[in-house]
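S.K.: Build the 3D model from these lines:
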Amino acid sequence: MKRKTHGQLQSLSAKDNKGIAMIIIVIIIAAIVSVIMIKTALNSITGLTVSDISLRDLEVQYFTEGCIQESLIQYHRDPSYTGGIFNISEGTCDVSVAGEGYDADLIITGSLNNYYRTLNINIASQSWDN
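M.R.: Sure thing, here's the model as predicted:
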């Protein structure tokens, strides 16, 4: 049997150190890449959530404007209109009228997919009968 000298033991130890160092470097790089990927994914999810909320806000805004049109039509047909609740498509409009005649306020709340928008409209109209 051949005996190992002190120099041979050191060279085996140096090889092991290089391997361990390489494994540590790979683990560190993998951790950094993982953090970057997780941050990117979270930013994407946040961006999608903000976009969805903005889209829902626009939908309820346009829906409430439709409620305004319907309310104005009802009020024009009957100046003693006091409001009410009516459905348009998938949403609900809640209209109340404060005041009467040619100086009234319409308070309109549009509700669509658990999003709400309330608008106050002042009707300052003039009779064409004069």
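S.K.: measure the most centrally placed residue in the chain to I32 for me?
M.R.: Note on the chain: the residue nearest the mean C-alpha position is I53, at 2.3 Å, using CA atoms, centre = their mean. Distance, I53 to I32, using CB to CB, to the nearest Å: 32 Å. Using the backbone N, CA and C atoms, a C-beta is placed for each residue, glycine as well.
S.K.: cool, and L48?
M.R.: 25 Å.
S.K.: Tell me where the model's unsure across the protein.
M.R.: 1-15, 101, 125-130 (pLDDT under 70).
S.K.: list the helices and strands the helix or strand containing L42 packs on?
M.R.: Remark: L42 resides in helix 6-77, with elements defined by DSSP states H and E. Judged by 3 or more CB pairs under 8 Å, 6 or more residues apart in numbering; DSSP states H and E, helix 6-77 is in contact with strand 83-88, strand 91-100, strand 103-112, strand 115-124.
S.K.: now it and strand 91-100, what's the angle there?
M.R.: Helix 6-77 and strand 91-100 are oriented at 50 degrees to each other (axes from the mean of the first three to the mean of the last three CA atoms, to 10 degrees).
S.K.: Helix 6-77 vs strand 103-112, what angle?
M.R.: 140 degrees.
S.K.: ok now helix 6-77, how far from the chain's centre?
M.R.: From the chain centre to the centre of helix 6-77 is a distance of 15 Å (CA atoms, centre = their mean, to the nearest Å).
S.K.: what's the closest of the helices and strands packed on helix 6-77 to Q61?
M.R.: Proximity to Q61 (CB to CB) singles out strand 115-124 among these, at 6.0 Å.
S.K.: which residues make contact with that closest one from outside it?
M.R.: Contacting residues not belonging to strand 115-124 are listed as 56-57, 59-61, 63-64, 68, 71-72, 75, 102-110 [CB atoms under 8 Å, 6 or more residues apart in numbering].
S.K.: Pull out the buried residues from it.
M.R.: With burial defined by 16 or more other CB atoms under 10 Å, the residues of strand 115-124 counted as buried are Y115, R117, I123.
S.K.: got it, and stretch 18-35?
M.R.: Buried-residue list, stretch 18-35, by 16+ other CB under 10 Å: empty.
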